[in-house]
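> sequence and predicted structure are below.
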Amino acid sequence: MPDLTSVRNLNLKVIFLVHVIFVSLACMGGWSTNAYLFYNSILIISLLWGIYHPESDEPIQLGIVMNAISIILDILLLCFSFPSNHWARESFSAAVAILHLLARPISIIFLGKIHQERSGTGIDLFGGRNRSYEDMDRSTPPTQPPATQGGYDFSTAQPI
């Protein structure tokens, strides 16, 4: 068995595979509209983007936001389009969509942890960039420019 600790972005890859499996099985029934496939495709693309760019936290932020929005959209879709017939395929795909809806908050928690690992901070969905750490206990003396006569150094002046 391969050593799973050596796999880069293992948690993100597992989240990606779980979402792909759930979306594939939920789309088997005719009750789910193209909207379900569309907004889940945006989530899957953002997860792929996060796997491809392991240093960037933006795809993870997009994945968290898209996953949160998908919870609301899943509830609306299940309320308005739940299959009325009792065919096995329709019922199975609706049950998988419900399981996917229940798995989304867990996925958001894991994506939040991945975001913290990548950015070193909490989730900042509204912009602010990371700032380098400044040690407040140790103050460094300000560097002063070399002393010059009369306040101007003629040796580095450009001729006119």
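Done, it's in.

> so where's the protein uncertain?
In the predicted model, the chain carries pLDDT under 70 at residues 1, 122-152.

> which strand or helix spans the residue nearest in space to the middle of the chain?
Taking Cα atoms, centre = their mean as the criterion, residue 60 is the residue nearest the geometric centre of the chain, at 1.3 Å. Taking DSSP states H and E as the criterion, the element that holds residue 60 is helix 58-81.

> equivalent analysis for residue 15, please.
helix 10-26.

> list of residues touching the helix or strand that that helix is followed by?
Sequence order places helix 34-52 as the next helix or strand after helix 10-26, per DSSP H and E. Helix 34-52 is contacted from outside by 9, 12-13, 15-16, 19-20, 23, 26-27, 56, 59-60, 62-63, 66-67, 69-70, 73-74, 77, 97, 114, using Cβ atoms under 8 Å, 6 or more residues apart in numbering. For the C-beta atoms, the positions are set from N, CA and C on the backbone; glycine is no exception.

> which residue is the nearest non-sequential neighbour of the residue nearest to the centre of the chain?
Spatial nearest neighbour of residue 60, excluding adjacent residues (Cβ to Cβ, 6 or more residues apart in numbering): residue 115 at 4.5 Å.
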